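In: Give me the fold of what follows.
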Amino acid sequence: MKIVILFIIGINLLIPLKNLACPIPVFRYALEFWEAEPYRLEIFYRNSPGPFEENLVNYLLTVTGENGKKSNFIMRMVNVEGDDHDIPESILKEVPGGGGALMVLRYPFSSGINSILWSAPLTSKNVDLLLDSPARENIANKLISDVTVVWIFLESGDSRKDYNAFNLLNKELRRLEQTLTLPELDLWLGDYQNNSPENEPRIKFETLRVSRNNAGEDLLVKMLMNTEHYLDQFESEPVVFPVYGRGIALWAIIGDRINEYNITGAAEFLTGPCSCQVKSLNPGVDLLISVDWDKQVDNIADISLVNPLSGLGEFSSRETEARRQLESVTLESLEKASGLVHGDSGNGNMDARYLPGIILALVVALAVFGSIVLYGKRIK
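Out: Next up, the predicted model:
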């Protein structure tokens, strides 16, 4: 066993950095292995909610929707007359008396965005608007049906700008479908040898236009346009959001930046190998979408091909624990190095050019350190 462990250490030291990337494409890894992060829903009331409001609360507590759907949010009840809260006075005034209640929605904790995203009285209509919308349902259906990325085109309202930008987007996506290639299938596709060519995964991009004036999509527009603090400056520009995995909105592409270079960059990232399997270290913010992804998504990626150690019996549990510790330690290290990762780029965005190198360096260091620790425990 000591020889096996020494061999693992040697492999960790000898593998070139470029081969540390997981060969599963980013979009596929995200779809199969990354859980949708939960939004934070708070129900504010005075003293006690009324019977109608209590029924809605009970529905939200148990909601999986219809047809096996479930929503990615966690909920907290807050009595504004006694419980601690950080709701602004302007919102606090909207909390009704007489048994009424107010819903307040915030992004997931992992997003780092704590501002209030959306608020509305607790009514049946508003609960429906919270849980789903035609566009969000459409996004989920496309992603489940093997669409690689759904490119949301948020209209500006200027017909000429929208026409030119949307046509350019479609033209580039059709070109990229023909020119981009997925990582070698035999490195990650389960049962590869028995797959016929017509059943092999292919790159497929689809677009979805959304009007900012569509009341039924108000929450979706807010979710997209508040992912970055500066996006409110571009109310009169078309904005593109590539959405992948289980409804993760990648970075925004705005106005005249909707061009070949930026579209290609996003597409190459999402169809390329997953350089970091830790979700929180990858770009994007989850959308609130009501769907049971675990039941709907077909798992075609074989993780044992990517990591042969997962088949070593008792070592698999160590691998799981190591992955958990890796995420914790890596996040802590990145937070300490936030001056480098989140350096001033003019708009508050991280400089993505440095992120892969930082991640790979930390992964190599932690892998070697973990192997040495494991070896030390074994020989005692």
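
In: And the strands in this structure, which stretches?
Out: If DSSP state E is used as the criterion, the strands of the chain fall at 22-25, 39-45, 73-79, 101-106, 116-121, 149-154, 205-210, 239-244, 248-249, 253-254, 273-274, 285-286.

In: Please work out which of these is packed deepest.
Out: strand 239-244 (a mean of 25; mean count of other CB atoms under 10 Å). For glycine as for every other residue, the C-beta is placed from the backbone atoms N, C-alpha and C.

In: With only the CA atoms kept, save that one in PDB.
Out: Provided in PDB are the C-alpha atoms of strand 239-244 (Å, rounded to 0.1, in the frame of the first residue of the first chain):
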ATOM      1  CA  VAL A 239     -27.500  42.500 -22.900                       C
ATOM      2  CA  VAL A 240     -26.700  38.800 -23.500                       C
ATOM      3  CA  PHE A 241     -26.400  36.300 -20.600                       C
ATOM      4  CA  PRO A 242     -25.100  32.800 -21.400                       C
ATOM      5  CA  VAL A 243     -27.000  30.400 -19.100                       C
ATOM      6  CA  TYR A 244     -25.600  26.900 -18.500                       C
END
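
In: Least confident of the strands of the chain, on average?
Out: Lowest mean pLDDT of the strands of the chain: strand 273-274, a mean of 74.

In: What distance do you get for residue 248 to residue 30?
Out: Going from residue 248 to residue 30 by CB to CB, to the nearest Å gives 6 Å.

In: again, but for residue 177
Out: The separation that residue 177 has from residue 30, given CB to CB, amounts to 19 Å.

In: now swap in residue 39 and tell me
Out: From residue 39 to residue 30 the distance is 18 Å (CB to CB).

In: picking up where we left off before, please compare residue 177 and residue 30 by neighbour count and tell me which comes out ahead.
Out: The neighbour comparison of residue 177 against residue 30 (other CB atoms under 10 Å) goes to residue 30, with 22 against 15.

In: doesn't residue 246 make contact with the more buried one?
Out: Yes - with contact defined as CB atoms under 8 Å, residue 30 reaches residue 246; the gap is 6.8 Å.

In: returning to that earlier point: got JSON lines for the strands of the chain, with distance to residue 231 too?
Out: Listed next are the strands of the chain as JSON lines, based on distance: least, CB to CB, whole Å:
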{"stretch": "strand 22-25", "distance to residue 231": "27"}
{"stretch": "strand 39-45", "distance to residue 231": "18"}
{"stretch": "strand 73-79", "distance to residue 231": "22"}
{"stretch": "strand 101-106", "distance to residue 231": "17"}
{"stretch": "strand 116-121", "distance to residue 231": "13"}
{"stretch": "strand 149-154", "distance to residue 231": "10"}
{"stretch": "strand 205-210", "distance to residue 231": "14"}
{"stretch": "strand 239-244", "distance to residue 231": "7"}
{"stretch": "strand 248-249", "distance to residue 231": "11"}
{"stretch": "strand 253-254", "distance to residue 231": "8"}
{"stretch": "strand 273-274", "distance to residue 231": "27"}
{"stretch": "strand 285-286", "distance to residue 231": "12"}
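
In: Which residue ranges of this protein form helices?
Out: Along the chain, the stretches classed as helices by DSSP state H are 2-14, 26-33, 51-62, 89-92, 124-131, 134-144, 159-179, 218-225, 260-271, 293-296, 303-306, 315-336, 338-341, 355-379.

In: Just list the residues touching residue 157, thanks.
Out: 211-213, 236 (CB atoms under 8 Å, 6 or more residues apart in numbering).

In: Derive a PyMOL selection command for the buried subset of those.
Out: Selection of buried members from the contacts of residue 157 for PyMOL, criterion 16 or more other CB atoms under 10 Å:
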select buried, resi 212
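
In: Which one of the contacts of residue 157 is nearest to residue 105?
Out: The nearest member of these to residue 105, counting by CB to CB, is residue 212 at 18.4 Å.

In: Need the pLDDT of that closest one.
Out: Reported pLDDT for residue 212: 93.

In: leaving aside the residues next to it on the chain, what's closest to it?
Out: Once flanking residues are discounted, residue 212 sits nearest to residue 221: 5.4 Å by CB to CB, 6 or more residues apart in numbering.

In: Great, nothing more from me.
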